[in-house]
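# quick one: sequence plus predicted model below, questions after.
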Amino acid sequence: MVHRIIARAATLFMLASYLIVVSVPASQAQGRVTVVRDAEIEALVTEYAAPILKAAGLSRSGIDIILVNNRSFNAFVDGRRIFIHTGALTQAETPNEIIGVIAHEAGHIAGGHQERLRQQLKRAQTMAIVSALIGIGAGVAGAATDTRGLASAGVGMAAGGAEMARRGLLGYQRSEEVTADRTAIDYLNKTGQSAKGMLTTFDRLAGGLALAGVNVDPYQISHPMPRERIANLEELARKSRFYDRKDPAQLQQRHDMMRAKIAAHTEGAQAVQRLFRQDPRGIPAMYGNAIATFLTGNPRTALQKVDALISKMPRNPYLQELRGDILIKANRPKDAANAYARALSLAPGTPGLLQVGYGQALLATGQPDLVKKAASELQTGLSREPEFANGYRYLAQAYGQMGDIANAELASAEGYFHAGQYRDAKLFAIRAQKRMKRGSPGWLRAQDIIQYKAPG
Ligand SMILES: [Zn+2]
């Protein structure tokens, strides 16, 4: 039973595909703040981070990767989570560039920079931090009290906390930057990687600051990059025997596929073309094109495109996932379920997100035996991704179709709970309890929800 009561408060909705966007309505000037859930990208960034975090002594299981849907360049690590803008991922031409940034951030942690703030942030809710870093005022993040997503998102951070977070995280000392650079090079050396990517990134950001002036990436504000610092960094970086070491070709390809995916979702087919102008027939370009076709074109063509890719990379789990997405759209849930099942079997670990997709497809078949299987897959998937609020709605549907109203009510309660909508969560928990045996696991879980007190 899941007793972990952390609410990743957010209004969840799903794009046509399985690139899931957790959206918080923000002030009009800011547009929408979104956190993206995607098994492929999360797995890749986790892989980038793991050796560095290990070298930094920060290795612990279950560091969450939080993908912030924002075109600017930013990245931040708080010990429990790595926040990274999708813009940073698309701007980085190599894995090494992102790995370098993660190494530098790990250097700030190891150096104890902004330690108190980091400890506070560790307890704060994800969406509260995202709101703070993207620049929604504390007022907006903290004041809303309705049941919509942002309301509870702000709760995790006290009034003024968002502003403090922004100032703190966006205001490293020059000496701290030098320390973090040196430490980062250490980690990169320990893991046999080059510091060239970090240098490239900082150099680009420093140049951008000088040129653009107005359009400043948040990362530049948080990490002052005078020329002198870049020069020192370069000197150190070149000393490493790994300086000229390149990322493995396969990792580079996965990186480019990730960039293609983000570009297709956020800006469409033309952005994919622009990104891969030099290799328009390469796998990343094909992948981005297939995704864009799936999003805006007809499923038949999209299916042809993804199948062409699968024939080249039959063991890529995320191509199977895309195939599943397309088949759902084509109203072929049974085939979709098969594709997701294959994705699950090929993916490293046991990604809850893919499992929820599998359950969702099984549910869509409407066949009683498959609906039963859907409930169990959704249940397991959600036990691995307990904060994935949207998944509980499918679980509730599956139980509903099975005639298990008590568990349907409880699943709805969980969904509202993890979306930070505590009042609705309690209503459903009370309804579930009425149909459950007092003291049973389901009853106890409902009791947790009923008795939960939102922080703040
Ligand atoms: Zn820094």
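Here it is on my side, so go on. Everything numeric in this text was worked out from a predicted model, so none of it was measured.

# quick one: L370 from the ion, how far?
51 Å (CB to the ion, to the nearest Å). Where C-beta positions appear, they are placed from N, C-alpha and C, glycine not excepted.

# could you measure from that residue over to I63?
To I63, L370 is 35 Å away according to CB to CB, to the nearest Å.

# who has more neighbours out of those two?
Of the pair L370 and I63, L370 is the one with more neighbours under other CB atoms under 10 Å, namely 20 against 17.

# how about that one: what's its closest non-neighbour residue?
Distances taken as CB to CB, 6 or more residues apart in numbering place L362 nearest to L370, at 4.7 Å, with adjacent residues excluded.

# ditto for A260
Using CB to CB, 6+ apart, the closest residue to A260 is G288 (3.1 Å).

# what residues are up against that neighbour?
Shown in contact with G288 (CB atoms under 8 Å, 6 or more residues apart in numbering): A260, K261, A263, A264, A269, V272, L275, F276.

# wait, what's in contact with the third one?
Spelled out, it's A263. Applying CB under 8 Å, 6+ apart, the residues contacting A263 are T90, A271, V272, R274, L275, G288.

# go again using 7 Å as the cut-off
A263 sits next to T90, A271, V272, L275, G288 when contact means CB atoms under 7 Å, 6 or more residues apart in numbering.

# name the nearest of the residues you listed relative to Y187.
T90 (24.1 Å; CB to CB).

# and the helices in the stretch 201-350 of the chain?
218-222, 227-239, 249-266, 269-275, 283-296, 299-312, 317-329, 333-346 (DSSP state H, counting those that start in this stretch).

# in this structure the residue nearest to L370 contacts S376, no?
No: the criterion here is CB atoms under 7 Å, and L362 misses it with S376 at 9.3 Å.

# more neighbours: which of the two?
The neighbour comparison of L362 against S376 (other CB under 10 Å) goes to L362, with 28 against 13.

# angle of the helix or strand where that one lies against helix 317-329?
Using DSSP states H and E, the element containing L362 is helix 352-365. Counting by axes from the mean of the first three to the mean of the last three CA atoms, to 10 degrees, helix 352-365 points 30 degrees away from the direction of helix 317-329.

# centre of the chain to helix 352-365, how far?
How far helix 352-365 lies from its chain's middle: 19 Å, per CA atoms, centre = their mean, to the nearest Å.

# again, but for stretch 317-326
For stretch 317-326, the distance to the chain centre is 18 Å (CA atoms, centre = their mean).

# quick one: least confident helix or strand in this protein?
Ranked by mean pLDDT, DSSP states H and E, the weakest helix or strand in the chain is strand 11-14, scoring a mean of 26.

# so is the helix or strand hosting G197 next to the ion?
Element membership for G197 (DSSP H and E) is helix 196-212. No: Helix 196-212 does not reach the ion (CB under 5 Å from the ion); its nearest approach is 9.0 Å.

# so which bits of that helix are buried?
Residues K196, G197, M198, L199, T200, T201, F202, R204, L205, A206, G208, L209 are the ones in helix 196-212 that count as buried (16 or more other CB atoms under 10 Å).

# just stretch 348-363 next, same as before
Quick answer for stretch 348-363 (16+ other CB under 10 Å): 351-363.

# can you list contacts of it?
Stretch 348-363 is contacted by residues 18, 37, 39, 43, 321, 324, 328, 333, 336-337, 340-341, 343-344, 347, 370-371, 373-374, 377-378, 380-382, 384-385, 388, 391, 394, 397-398 when judged by CB under 7 Å, 6+ apart.

# rewinding a little: and which of the contacts of A263 is nearest to W443?
Closest to W443, out of all of the contacts of A263 and judged by CB to CB, is T90, at 47.4 Å.

# just give the closest residue to F76, not the sequence neighbours.
Per CB to CB, 6+ apart, closest to F76 is F83, 4.6 Å.

# circling back: now the residue nearest to A260: how far from T86?
14 Å.

# same question for A336.
26 Å.

# what of A411?
In terms of CB to CB, A411 sits 30 Å off from T86.

# next one: N338
30 Å.

# so the two - more neighbours on which side?
T86 (26 against 17).

# spatially nearest residue to the more buried one (excluding sequence neighbours)?
In space, T86 is closest to I262, 4.9 Å off (CB to CB, 6+ apart).

# let me know the pLDDT of that neighbour.
For I262, the pLDDT comes out at 94.

# residues in contact with it?
T86, L89, T90.

# same thing but at 10 Å, please
For I262, the contact set (CB atoms under 10 Å, 6 or more residues apart in numbering) comprises 19, 36, 38, 41, 67, 69, 71, 86-87, 89-90, 271-272, 275, 288, 291.

# likewise G439?
So G439 contacts Q447 (CB under 10 Å, 6+ apart).

# confirm it sits in a helix?
No: the assignment for G439 (DSSP: H, G, I helix; E, B strand; the rest coil) gives coil, which keeps it out of a helix.

# now do it against the ion, distance only.
From G439 to the ion the distance is 52 Å (CB to the ion).

# so for that residue, what's the pLDDT?
96.

# repeat for G208
pLDDT, read off for G208, is 62.

# same question, R32
Reported pLDDT for R32: 52.

# run the chain-centre distance for stretch 425-437.
That offset, for stretch 425-437, works out to 32 Å (CA atoms, centre = their mean).

# same question, stretch 442-450
On CA atoms, centre = their mean, the centre of stretch 442-450 falls 28 Å from that of its chain.
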